[in-house]
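Enquirer: Pasted the sequence and its predicted model underneath.
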Amino acid sequence: MADAAVTTIKVMCRFRPLNRSEVARGDKYIPKFQGDECVSIAGKPYYFDQVFQSNTTQEQFYNAVALKIVKDVLEGYNGTIFAYGQTSSGKTHTMEGKLHDPDMMGIIPRIVQDIFNYIYSMDENLEFHIKVSYFEVYLDKIRDLLDVSKTNLSVHEDKNRVPYVKGCTERFVCSPDEVMDAIDEGKNNRIVAVTNMNEHSSRSHSIFQINIKQEHTQTEQKLTGKLYLVDLAGSEKVGKTGAEGTVLDEAKMINKSLSSLGNVISALAEGSTYVPYRDSKMTRILQDSLGGNCRTTMVICCSPSNFNEAETKSTLLFGQRAKTIKNNVCLNVELTAEQWKKKWEKEKDKNKTLKSTATWLENELNRWRNGENVPVEEQFDKEKAKEEVQALDSGLNNDKAAPSPALAALPGVKLTDAEKQKCEAELTKLYKELDDKDDEINQQSQLAEKLNQQMLDQEELLASSRRDHDNLQKELNRLLAENEASKDEVKEVLQALEELAVNYDQKSQEVEDKAKEFEALSEELNQKSSSLASIDSELQKLKEMTNHQKKRVTEMMSTLLKDLAEIGIAVGSNDIKQQESTGLIDEEFTVARLYISKMKSEVKSMVKRSKQLESTQAESTHKVEENEKELAACQLLVSQHEAKIKSLTENLQNLEQKKRQLEENVDSLNEELVKISTQEKVNATEMENEIQSANEVKEAVEKRIQSHREGHQKQISSLRDELDNKEKLITELEDQNQKIMLEQERLRVEHEKLKTTDQEKSRKLHELTVLQERSDQARQDLKGLEETVSRELQTLHNLRRLFVQDLRAKVKKSGETDADDTEGSTTQKQKISFLENNLEQLTKVHKQLVRDNADLRCEIPKVEKRLRSTAERVKALETALKEAKENASRDRKRYQQEMDRIKDAVKPKNMGRRNSAQIAKPIRPGQLLMAAPTHPGINRANIIQNNQPTGIKGGGNN
Ligand code: ADP
Ligand code: MG
């Protein structure tokens, strides 16, 4: 441990130029610079360690202000640079500037670069461990900018009672780039976390901390240096009503850290024993920088505009006050074993001295107690002993904690040592409790932050789920629409298929029809060909016949010629024989004639027979007609009889009715009779007196009754007669009816018989007509035959005549023999030509049929082709349908899978997210030896990237 040296805080004043809006507004440039250390505003001078005018470049400012601090830190001292000033006075410009612009970069990037450059130029036996932290203080909460989850860190004191931010991220770095990366990361995190960066940066303090530990590999000398680079919040006061969007409490908090900074600085400036570092976290962090073990430089940033004059003045005053603060700066050196040994020995010496002092004092006390008077020169020399102890102490660093300044500061309170100790203990306890509470707060706020984060995550998840849901809904709708469309399509396809099927049916029907037609045609063709064959055969027959006839004719001719030749010979040889030969020919002719006549007679008989048959047929038809007529008459009779029967039965009924009436009459008359007889009896009894007179009456009455009775009886008898007559008539009629019925029955039977006979006769007639037809045919044939025969005969006759003529001519010319037989064959020729014509026609028909057949055959492949194409179309449509169906099902399946997948994905995502917050950051890999000198030729020092925070601090503050 090195001796502490008292140094004052260096205060630099920097004026920025008028900015564009100020120039535009026409603000005045108010600062007047007098020399390097004085600036006067409105005639009032303010003195600082150095004043920088508006045209100072970043490099100039850096060289003048910060360059030395790099050396200090690397030599084992603590350093702090902080920028103070109102918002937009140039604090950030000074501290950071444009981080990656070589000209405009501020203090921090330059320091970083220089630290490494310096290290590269140092003794190569030195090993460096550099770590950086970056945090901000906003509303008295410390937020780690390298780990956004740490939002409310607490400040603790290390064993040397130096406050430090507990739990903040310390990143080990081994190159300027890594440091810059950390700064960029921190700045990014800061921007992401807030909504209005300008407002936020003007109300928060940002602190960049660099810890450098070096060890000499040979001497094992260890030095540590700590550098705070602080960009303070805007020094202007936030109004009591609060700035935009802040509530009163917030405004208070924003003011708190700055006002407590002011208080601390005031207390330090006044030399007060109690400094209220604990009033805010900011002042606690900077405790060592303000009045502690630290070489501190404060940059006072000012606006030159008359518009900000008041603020500028207060800032300048603040700076002047801070200028008086004194720090006890000492080297943060860790003792080596050797040094510890020396120290131990010294302590031993001191102990010895103290022990001898104690014995001295004991002896003196005893002597005094024993009533001895100790002479002055033998008395204990306080001053000498003190000097001795101090001499020993000077060799040692006093690392005992200084008595609490708070206790010392209490004015007018006088405490005994015991009380003091007790109070101190109490105070420490309370501070510890305070720290613990801070810790707890930190933990709680971290938890809150975590929960917040989780909530955000959940919200995000929810939003994403919603989005997914929406997307899925959309997808679903789309799929439904697609499905609907495909359904429609399928329907259309089905319709088309149906149409096609109908078409197909029609076509097949057509084809069938065609085939049938074809069959019919082929059948017809067959028939035709068979008929042709038959005709052919007939033709053949006819040919044969003609041949036969020709043969016969030639035979006949030859025989005739032979005969003629014989005749000729005979004539030639003997003229007398001529008569004989002519007689022979005549004979033959007569035979032929006989034959012909025979045939004629036969034909005639046949004709006669047919005529007979015709007449019999006419007769039978006549008979049938007669029978029918008879039958009609019978039927008429029957109907007449039936009518008669009907009228008779009606008559009968009438008569019966009449009879009943008459009987009723008789009954009534009988009754009357009885009545009358009774009356008579009564009257007889009554009128016995009047018998005499009454007798006459009685007689008259009896007569009347008698006459009445007679008439009645007559009537009855007549009626009975009538009845009998009627009954007789009925029976007669019944008989007649029966007879008629019988007759009718008979007639029906007869009719039936006649019918059958008629049928038989018609059948016979039919047979006869057939026969007649046949006979007609035969007759025709016969006629044809007759004609041919007659023609033959004619030709023969002609021949004969010719022959006779010839013969006569021959006879005349005696030896002329010539004959021509061309005529005979003309009819045959005609016949042949007729047959040939027939044949030709038939062949034509045949050809036509064949052509038709061929056409149909030609049409068959077309039809088949069409059929095939239709079938193919049907098949294609079916496959398309199938495909469409498959596609639809596949789509449905895919959609289902997608749904499942998303469902599955969402579940673990939920869980995963919840877990992810708990995953620890991976620990960096082991030690990395970094030896990359950027400046060749300079000595190398080792920068060690370490995993573990060293925790080694410099010696105490004295
Ligand atoms: P603060 O951090 O104090 O609020 P800034 O550093 O953001 O202010 O500065 C405000 C503006 O003024 C910035 O645009 C900055 O570039 C500019 N500025 C500040 N100081 C200077 C200077 N010395 N030279 C040029 N421009 C400056
Ligand atoms: Mg700023």
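Expert: Cool, the structure landed. Ligands and ions are numbered 1, 2, ... in the order given.

Enquirer: which residues of the stretch 801-950 of the chain score low on pLDDT?
Expert: Within the stretch 801-950 of the chain, the stretches with pLDDT under 70 are 810-825, 827-828, 902-903, 905-950.

Enquirer: would you list every one of the strands in it?
Expert: Taking DSSP state E, counting those that start in this stretch, the strands of the stretch 801-950 of the chain run over residues 928-930, 942-945.

Enquirer: Likewise for the stretch 251-400 of the chain?
Expert: Going by DSSP E, counting those that start in this stretch, the stretch 251-400 of the chain shows strands at 295-302, 326-329, 333-334.

Enquirer: Check the ones you listed for me and report the most buried one.
Expert: strand 295-302 (a mean of 27; mean count of other C-beta atoms under 10 Å). For the C-beta atoms, the positions are set from N, CA and C on the backbone; glycine is no exception.

Enquirer: and it, C-alpha only, in CSV?
Expert: Output of strand 295-302 as CSV, limited to C-alpha atoms (Å, rounded to 0.1, in the frame of the first residue of the first chain):
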residue,chain,number,x,y,z
ARG,A,295,-8.1,11.1,-9.2
THR,A,296,-11.3,12.8,-10.3
THR,A,297,-11.8,15.1,-13.2
MET,A,298,-15.1,17.0,-13.6
VAL,A,299,-16.0,18.4,-17.0
ILE,A,300,-18.3,21.3,-16.7
CYS,A,301,-20.2,21.5,-20.0
CYS,A,302,-21.8,24.9,-20.8
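
Enquirer: Sheet partners, orientation included, of it?
Expert: strand 10-15 (parallel), strand 79-85 (parallel) (DSSP bridges).

Enquirer: when you scan the last one, is anything in it near ligand 1?
Expert: Yes. Strand 79-85 lies in contact with ligand 1 when judged by C-beta under 6 Å from any ligand atom; the contacting residues are G85.

Enquirer: roughly how far is that strand from the heart of the chain?
Expert: 64 Å (C-alpha atoms, centre = their mean, to the nearest Å).

Enquirer: Which SSE is immediately downstream of that strand?
Expert: helix 91-95 (DSSP states H and E).

Enquirer: and that following helix, what does it pack onto?
Expert: Helix 91-95 sits against strand 79-85, helix 107-120, strand 222-231, strand 295-302, with contacts defined as 3 or more C-beta pairs under 8 Å, 6 or more residues apart in numbering; DSSP states H and E.

Enquirer: Can you lay out these as a markdown table showing mean pLDDT and distance to V162?
Expert: What follows is the helices and strands packed on helix 91-95, written out as a markdown table (pLDDT from 0 to 100; distance: least, C-beta to C-beta, whole Å):
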| stretch | mean pLDDT | distance to V162 |
| --- | --- | --- |
| strand 79-85 | 93 | 13 |
| helix 107-120 | 93 | 21 |
| strand 222-231 | 93 | 9 |
| strand 295-302 | 94 | 14 |
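
Enquirer: Can you redo those as TSV, where the extra columns are distance to ligand 2?
Expert: Converted to TSV, the helices and strands packed on helix 91-95 look like this (distance: least, C-beta to the ion, whole Å):
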stretch	distance to ligand 2
strand 79-85	8
helix 107-120	13
strand 222-231	6
strand 295-302	9
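
Enquirer: now the residue in the stretch 701-850 of the chain that ligand 2 sits nearest to: how far from P276?
Expert: Nearest residue of the stretch 701-850 of the chain to ligand 2 (C-beta to the ion) works out as V850 at 113.1 Å. According to C-beta to C-beta, to the nearest Å, V850 stands 132 Å off from P276.

Enquirer: mind listing what A520 touches?
Expert: Counting by C-beta atoms under 8 Å, 6 or more residues apart in numbering, A520 makes contact with nothing.

Enquirer: Which strand or helix spans it?
Expert: Going by DSSP H and E, A520 is in helix 417-573.

Enquirer: is it possible to export the strands of the stretch 251-400 of the chain to CSV including distance to A391?
Expert: Putting the strands of the stretch 251-400 of the chain into CSV (distance: least, C-beta to C-beta, whole Å) gives the following:
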stretch, distance to A391
strand 295-302, 29
strand 326-329, 21
strand 333-334, 22
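
Enquirer: so where's the stretch 301-450 of the chain shaky on pLDDT?
Expert: Using pLDDT under 70, the flagged stretches of the stretch 301-450 of the chain are 392-415.

Enquirer: ok, now with 90
Expert: Within the stretch 301-450 of the chain, the ranges that satisfy pLDDT under 90 run 321-450.

Enquirer: Turn the helices and strands packed on helix 91-95 into CSV, columns for distance to E311.
Expert: As requested, these are exported to CSV (distance: least, C-beta to C-beta, whole Å):
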stretch, distance to E311
strand 79-85, 8
helix 107-120, 22
strand 222-231, 17
strand 295-302, 8
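
Enquirer: Can you check which of these gets nearest to L500?
Expert: Minimum separation from L500 across the helices and strands packed on helix 91-95 (C-beta to C-beta) falls at helix 107-120, 82.0 Å.

Enquirer: For that closest one, which helices and strands make contact with it?
Expert: By 3+ C-beta pairs under 8 Å, 6+ apart, helix 107-120 packs against helix 58-65, helix 67-74, helix 91-95, strand 126-138, helix 176-193, strand 205-216, strand 222-231.

Enquirer: could you check the distance from Q715 over to ligand 1?
Expert: 164 Å (C-beta to the nearest ligand atom, to the nearest Å).

Enquirer: Right, I'll leave it there.
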